[in-house]
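1. need a structure here:
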Amino acid sequence: MIVSDTGPLISAFQSGSFPLLHALIGDVVVPQAVADEIVQHGWSHELATASEKIRIVELTPDEQTKVTEVAEAIGTSDSLEHRGEAEAIVLASRRSESCELILVDELAARNCAKTMGLRIVGFPGILLMATRSKVISPDDLKSRLESCRDQGTYYGQQLIEDVYQMAQMVWRQS
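-> Numbering: from 1, shown residues only. This is a model prediction of the structure:
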């Protein structure tokens, strides 16, 4: 099972990279809060278009209780502020299903997921995977990240340059 938070999916939609993401990692599972956030950010059409590849899962009442704890661990007493990340982390930590990977970009949520023993990658990491596989070039990776930034996703110029440099290295090594 691959679980995603809101940010990586929005980045994939912003840059036209969802087909690439799906080709690399397969179907994605999201909790309801993530689906709701995607719609709130104006990506309902893209979510509906990808509905056969994105499965929305409801959390149990016990898991909902855990969401508040995880949201607070991410760094806020306002559990609504990090609800999507918290629900994704709780879903990924289900014992009944094996989570291979959780897609999450936000640093505090990544740190929280890491302390829970989850394997993490963000959208830039997905693009690096695509570069390593020679599916996209380093320049294409950079262009996709800049497209996300231009549409409001916070990818700082230094992050984009760092990921671009990594992409150039893996491109040469592959």
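2. tell me what the helix or strand bottoming out on mean pLDDT in the chain is packed against?
-> Across the helices and strands of the chain, mean confidence by mean pLDDT, DSSP states H and E is lowest for helix 61-74: a mean of 91. On a contact count with 3 or more Cβ pairs under 8 Å, 6 or more residues apart in numbering; DSSP states H and E, helix 61-74 meets helix 83-92, helix 107-115. C-beta: built from backbone N, CA, C; applies to glycine.
3. Buried residues, it. List them.
-> 63-64, 66-67, 70-71, 73-74 (16 or more other Cβ atoms under 10 Å).
4. Tell me the span between the first and last residue of stretch 38-46.
-> Stretch 38-46 stretches 9 Å from its first residue to its last (Cα to Cα, to the nearest Å).
5. on that earlier part again, need the winner for burial among the helices and strands packed on helix 61-74.
-> helix 83-92 (a mean of 28; mean count of other Cβ atoms under 10 Å).
6. average pLDDT across that helix?
-> Helix 83-92 comes out with an average pLDDT of 95.
7. Residues contacting it, please?
-> 1, 3-6, 29-34, 36-37, 57, 59, 63, 66-68, 70-71, 74, 79, 99, 102, 104, 106, 109, 112-113, 116, 118 (Cβ atoms under 8 Å, 6 or more residues apart in numbering).
8. Just want the angle from that helix to helix 61-74.
-> 120 degrees (axes from the mean of the first three to the mean of the last three Cα atoms, to 10 degrees).
9. what pLDDT, on average, does the helix or strand following helix 83-92 get?
-> Next helix or strand after helix 83-92 toward the C-terminus (DSSP states H and E): strand 101-103. The average pLDDT within strand 101-103 is 97.
10. Pairing partners for strand 101-103, with directions?
-> Partners of strand 101-103 in the sheet, by DSSP bridges, are strand 2-4 (parallel), strand 120-121 (parallel).
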